[in-house]
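>>> Fold the following, please.
(one chain, ligands or ions: 1)
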Amino acid sequence: MARRRIIAGNWKMNMTPSQAVELVATLKDLVVNPDVDVVYCVPAIDIVPVAEAIKGSNVALGAENFYIEDKGAFTGEISAPMLKDAGVKYIIIGHSERRDIFGENDILINQKVKKAFAAGLSPILCCGESLALRKAGTYTEWIKRQITWDLDGVTADQVKELVIAYEPIWAIGTGETATADQAEEVCKMIRETIADLYDEATAEAVRIQYGGSMNAGNAAELLAKPNIDGGLIGGAALKPDFGKIVNA
Ligand code: 13P
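Numbering: from 1, shown residues only. Here you go, the predicted model:
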């Protein structure tokens, strides 16, 4: 069964609530494609206005972060049930910016994946290597280990609903994209890892995205690869270019 393409924008810490509503309006007619799942992962403060702004459109709502408890004395945090109630469907987990800047480790990321599923959210689980690991040639083992730890205790049925984003850190926001062959090599390896951890049917079902300086110019070549089922897009998600990626 063919996997459905999924193109998600990760807005990161960009767009005030009013800018967010404007961006949704700008992109509205550009992101229509019945064969693609289109997702906007937005900052927490934009979730409510964007949920309203995308009503009646083909766009699904995603969030960028949450904390693993349902409620309580966790000043400054928001929970998975809060996201769910606000209309969020997808949640980014394990992004390299959260791992590196905010110190999130694979134990927490694994807890987040399980909590997201328990709350009815679909995780977009990010993995990827630094430039040093790429140069050392040990990136394959590194990514396998990330996936193995992050999915500990996650069931095959859940993994079938999972999206995995391969985001080489050296390609994020740098303008340096992995070549289509480099991206395909790792996405294929991730699918084989899922087959080893689970089974062939699960590996065939899981959707794998590439992320890292994907843009209107390079999207078509990346998305043509058999193991690349979509993209997780930062900078280009904030511009009309995003529509070109959706329709690449
Ligand atoms: P850029 O597309 O800006 O390189 O960001 C990629 C990314 O980190 C998406 O999560």
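>>> Would you mind listing what in this protein touches the ligand?
Counting by C-beta under 6 Å from any ligand atom, the residues of the chain close to the ligand are 10, 95, 167, 172-173, 211-214, 232-236. Quick note: C-beta positions are derived from backbone N, CA and C, even for glycine.
>>> Name the SS class of the residue nearest to residue 191 when sequence neighbours are not counted, please.
The spatial neighbour of residue 191 that comes closest, neighbours along the chain excluded (C-beta to C-beta, 6 or more residues apart in numbering), is residue 203 at 5.0 Å. Of the three states, residue 203 takes helix under DSSP: H, G, I helix; E, B strand; the rest coil.
>>> Please name the residues that touch the residue of the chain found nearest the ligand.
Residue nearest to the ligand within the chain: residue 234 (2.3 Å; C-beta to the nearest ligand atom). Taking C-beta atoms under 8 Å, 6 or more residues apart in numbering as the criterion, residue 234 is in contact with 9, 10, 12, 172, 173, 211.
>>> In a markdown table: the residues you listed, plus neighbour count, pLDDT and distance to residue 126.
Output for these, formatted as a markdown table (neighbours: other C-beta atoms under 10 Å; pLDDT from 0 to 100; distance: C-beta to C-beta, whole Å):
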| residue | neighbour count | pLDDT | distance to residue 126 |
| --- | --- | --- | --- |
| 9 | 27 | 98 | 14 |
| 10 | 27 | 98 | 9 |
| 12 | 19 | 98 | 12 |
| 172 | 21 | 90 | 10 |
| 173 | 12 | 85 | 14 |
| 211 | 28 | 97 | 7 |
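>>> now, which of those lie within helices?
Using DSSP state H, no member of these falls in helices.
>>> picking that back up, is it true that the residue nearest to residue 191 touches residue 192?
Yes. Contact criterion C-beta atoms under 8 Å: residue 203 and residue 192 qualify, at 7.1 Å.
>>> The closest residue to residue 90 other than its chain neighbours - how many residues pack around it?
The shortest distance from residue 90 to any non-neighbouring residue, by C-beta to C-beta, 6+ apart, is to residue 62 (3.6 Å). For residue 62, the count of nearby residues is 26 (other C-beta atoms under 10 Å).
>>> Residue 166 too?
With other C-beta under 10 Å as criterion, residue 166 counts 28.
>>> Done for today, thanks.
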